[in-house]
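1. Here is my input, please return the structure:
(chains A and B)
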Amino acid sequence: MNEVPASTQARLDEMASKFDVLAERLLGYPTNQNFDYSALLPFLNYSVNNVGDPFHGSSFGTNTHDIERDVILRFASLLRLPHDEAWGYVTNGGTEGNMYGLYLGRELFPDGIVYFSEDTHYSVLKITRVLKARNIMIKSQPNGEVDYDDLYETIRINRDVPVIFMANIGTTMKGAVDDVARVRRIFDDLAITQHYIHGDAALSGMILPFTDDPQPHTFADGFDSMSISGHKLIGAPLPCGVALARKNHVTRIARSIEFLGVMDTTLSGSRNGFAPLMLWLAFERYGEEGFRDLVAGMLSVAAYAVERFNSLGMPAWRNKNSVTVVIPRPPPEVVDKWQLIPLDDIAHVITMPHVTREAIDQLAADCLRAQSVTQSA
Amino acid sequence: MQRIIIGTKNEVGVIAGITEALAARGINLRSLDTEGVGDHGTIIITTDDDDGALVALAHAGYRAVADDALIVRLPDEPGALARLSARFRDAGVNIQSMHILNRHGGHATIALSADDPTVAASLVDDESLI
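-> Residues are numbered from 1 along each chain as shown, chains lettered A, B, ... in the order given. Purely as a prediction, here's the structure:
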């Protein structure tokens, strides 16, 4: 390749400067900005491709399948999935993980109906459309959890049809966790024997394992598959995630496609081999105690944010074990400045590790100033 | 060209918000119709870029669906969705999808599609908004 032309370098420098400013004011998106992956820079000199099933090898030599398996099994341990029952792969993000989970559910129960709450991530609508899966959206409660009474009644009406339930382990806007223990009781009460539960644990899948009193969020609680993001709490600088599933489900599907002569169990063919390195390095450097400290710090700042906003007369709240703080929707200039995500009358702040108490103070001051300007106008 | 249906609150500035979201992505509105009931409303538009409009509206925080959906208004109360499901089950019509567009003022606006659109339309005739 040629040398980088001066004009090209100038454009890159300009973008980096812009990112420096923006990164400090990222309060609405759940991406951890505190990271250092410089130890992995040498691997950008190789074409690293994890094509194929990480548990079945590949003829593409410069792969990181062994690291990928290690990563999958670490997530399995966190989420109480025995290693000999675990299967998974590193995805390009939470949406692929959710698509994989619902794909498994749909393959196991082709006639099943996918149920999900109205607070579920918007990509699930797209996924059900791609999979051509029947689907019914269920009302949410004000805190973002699924409305269990409505779920019960709707399943009861369709009790002869298998249930594929898409559970939120931390909703996008409110950080609410659907109670799968209660969902399983609904299955029992209605004698639903054919069911599948997928968990969208994009952010909270790496929070709840490190809390003292977590809501049900593990395979031991009845999940069949889960999707966790790597670029959120872990802080991988490139979008990535993990699809994790019970191996017996995947094996049943794999049998039906064996005639192809390959174990084509992943949604993507060529896959990012750099992403497993980032996740693995984070696990190595943080360790369990490091993650526990990280989560404790985030929850502490979240509690501070709720207290700070409320003390200034702006009602704020959060769900149990959540770092998502719901605040009244600020005006557009404040939303833009702090890169918040508004929806209807609310917005949220997500207290990721780079979000300091000082940043919360500044945001609260901006909101208060905007509120007083609006009132005086 | 498809009709795009948007469930919103019935308040000042909603149409401006929608047109701004479309204009920001260079999408031209070809028609716009509104249906207001109480404090919530339904806006039906056509544009020169169906897919782009759906993306723009979703990014701007609106719930929008394309033409093939039936739009019904139900009381926002426990079991209302289930009762609607029961009508389809009793008629032998499979619901393909059922989504909540909005919930305001004691009512919910629902978008649904079924494997037999003609029968489906007759099943919700009394509660259909469009």
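
2. Poorly predicted segments of the chain, please.
-> Looking at chain A here, since you left the chain open. A:255-263, A:374-377 (pLDDT under 70).

3. think we crossed wires, I meant chain B
-> In chain B the weaker segments, taking pLDDT under 70 as the threshold, are B:1, B:10, B:35-40, B:67, B:126-130.

4. one more time with 90, if that's ok
-> B:1-19, B:28-52, B:54-85, B:96-118, B:120-130 (pLDDT under 90).

5. Any idea how far the lengthiest helix in it is from the middle of the chain?
-> Ordering each helix of chain B by length in residues (DSSP state H) puts helix B:80-91 first. Mean-position distance between helix B:80-91 and its chain equals 19 Å (CA atoms, centre = their mean, to the nearest Å).

6. Stretch A:288-297 now?
-> Centre to centre, stretch against its chain (CA atoms, centre = their mean), the figure for stretch A:288-297 is 18 Å.

7. For residue B:29, grab the count of nearby residues.
-> For residue B:29, the neighbour count with other CB atoms under 10 Å in any protein chain shown is 15. Every residue, glycine included, has its C-beta placed from N, CA and C.

8. In this structure it contacts residue B:43, no?
-> No: counting by CB atoms under 8 Å, residue B:29 stays clear of residue B:43, with 10.7 Å between them.

9. coming back round to it: now check the longest helix of chain B, is it near chain A?
-> Yes: judged by CB under 8 Å from any CB of the partner chain, helix B:80-91 and chain A are in contact via B:81, B:82, B:85, B:86, B:89.

10. contacting residues around the nearest residue to the last one once chain neighbours are set aside?
-> For residue B:89, ignoring the flanking residues on the chain, the nearest one in space by CB to CB, 6 or more residues apart in numbering or on different chains is residue A:157 at 5.9 Å. Going by CB atoms under 8 Å, 6 or more residues apart in numbering or on different chains, residue A:157 touches B:82, B:85, B:86, B:89.

11. now residue A:157: how far from residue A:177?
-> 26 Å (CB to CB, to the nearest Å).

12. who does residue A:146 bridge with?
-> Legend: beta-bridge partners of residue A:146 under DSSP bridges are residue A:140.

13. Can you show me the helices along chain A?
-> A:6-24, A:65-78, A:94-108, A:123-131, A:148-157, A:180-189, A:247-257, A:274-311, A:332-338, A:357-376.

14. and those, which is most packed in?
-> Each of these was scored by mean neighbour count; the highest is helix A:94-108, a mean of 24, by mean count of other CB atoms under 10 Å in any protein chain shown.

15. Run the chain-centre distance for it.
-> Using CA atoms, centre = their mean, the offset of helix A:94-108 from its chain centre is 14 Å.

16. Next up, the contacts around residue A:102.
-> A:114, A:124, A:127, A:128, A:131, A:133, A:164, A:166, A:198.

17. tell me the contacts of residue A:78?
-> A:205, A:206, A:209.

18. what's the answer for residue A:216, then?
-> Contacts of residue A:216 (CB under 8 Å, 6+ apart): A:179, A:180, A:181, A:222.

19. Swap in 6 Å and give it another go.
-> A:180, A:181 (CB atoms under 6 Å, 6 or more residues apart in numbering or on different chains).
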